[in-house]
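Peer 1: Compute the structure for the input listed below.
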Amino acid sequence: MDMTGGYAKSVRAHAPQAAIVIDNYHVVALATKALDEVRREYWNELRQAGESDTAKQFKDSRWALLKNPADLTERQADTLAALHAAGGKIPRAWTMKEMVRAIFAPRPQCRDGLRTDRPAAGAPVPQPPKAVHPPRAHDPQTPRRDPRCPSVEAQQRVHFILHLLVWLWW
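Peer 2: Numbering: from 1, shown residues only. Below you'll find the predicted structure:
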C-alpha cells in the first residue's frame, strides 16, 4: 500500500488481521527524497558560505544523484564520480539510497545458495554418485554458491533494515 497514513489507519480499523505491506516504489521514493533533502541542505550551506560558483556547479548535480546509475549520461556519471571522490555526506546519502534500491532489485531464485531459476538446456545433467568423503573446496564437481544468491544471514539483515525503515516511518 501507499505510505500515506490514512491507508494504514483504515486497514487497522477495518481489517486488523491484515498485514500492512508497503510497496517497494514508495520505500525507494522515501530514500530518494531523503537524499534530495541532504543535497538541498548542502547546496544551501554552500550559498550561505558565500561560495556561489561552487553552489551553482553543485546544483547541476541533482539528476546525477537522483537517477538510476544505469541511466546516467556520461556527464552525469562524471559528476557523480567527482562527488564520490570529494567524499562527505552527499556520497554517503547516495550510497544509502542505492542500498535501498538494491534491496528491491530482482534476485535469482535460490535454494541452499544455488540458483534454481536457470532454464533447462537440453537433456538433464546426470548427477554424480554420492561421495564417500566430503567434497573439497577445490573439487570442480563441488557446486559453488552463486554470489547473486544471498545467504540466510544477508536475507535476515535485509528484513531487519526494512522493519527498521517501516518503524522509523510509523
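
Peer 1: all helices for the protein, in order.
Peer 2: If DSSP state H is used as the criterion, the helices of the chain fall at 5-14, 24-48, 52-59, 62-66, 74-86, 89-103, 152-169.

Peer 1: Report the angle between the fifth one and helix 52-59.
Peer 2: Meaning helix 74-86. With axes from the mean of the first three to the mean of the last three Cα atoms, to 10 degrees applied, the angle from helix 74-86 to helix 52-59 works out at 120 degrees.

Peer 1: Ok, the second one next?
Peer 2: Using the same axes, to 10 degrees, the inter-axis angle of helix 24-48 relative to helix 52-59 is 170 degrees.

Peer 1: Remind me what helix 24-48 packs against, helices and strands.
Peer 2: Packing contacts for helix 24-48, counted by 3 or more Cβ pairs under 8 Å, 6 or more residues apart in numbering; DSSP states H and E, involve helix 52-59, helix 62-66, helix 89-103, helix 152-169. For the C-beta atoms, the positions are set from N, CA and C on the backbone; glycine is no exception.

Peer 1: swap the cut-off to 7 Å and go again
Peer 2: Packing partners of helix 24-48 (3 or more Cβ pairs under 7 Å, 6 or more residues apart in numbering; DSSP states H and E): helix 52-59, helix 62-66, helix 89-103.

Peer 1: rank the ones you listed by mean pLDDT and give me the bottom one.
Peer 2: Lowest mean pLDDT of these: helix 52-59, a mean of 81.

Peer 1: Distance-wise, check the closest residue to residue 161 other than its chain neighbours relative to residue 12.
Peer 2: Leaving aside its sequence neighbours, residue 161 sits nearest to residue 103 (Cβ to Cβ, 6 or more residues apart in numbering; 6.9 Å). Distance, residue 103 to residue 12, by Cβ to Cβ, to the nearest Å: 25 Å.

Peer 1: More neighbours: those two, which one.
Peer 2: Comparing residue 103 with residue 12 by other Cβ atoms under 10 Å, the one with more neighbours is residue 103, at 18 against 11.

Peer 1: neighbours around residue 61, how many?
Peer 2: 18.

Peer 1: That one: what's it in contact with?
Peer 2: Contact analysis of residue 61 by Cβ atoms under 7 Å, 6 or more residues apart in numbering lists 79, 83.

Peer 1: 8 Å - rerun?
Peer 2: 39, 79-80, 83 (Cβ atoms under 8 Å, 6 or more residues apart in numbering).

Peer 1: what pLDDT does residue 107 get?
Peer 2: The model's pLDDT for residue 107 equals 66.
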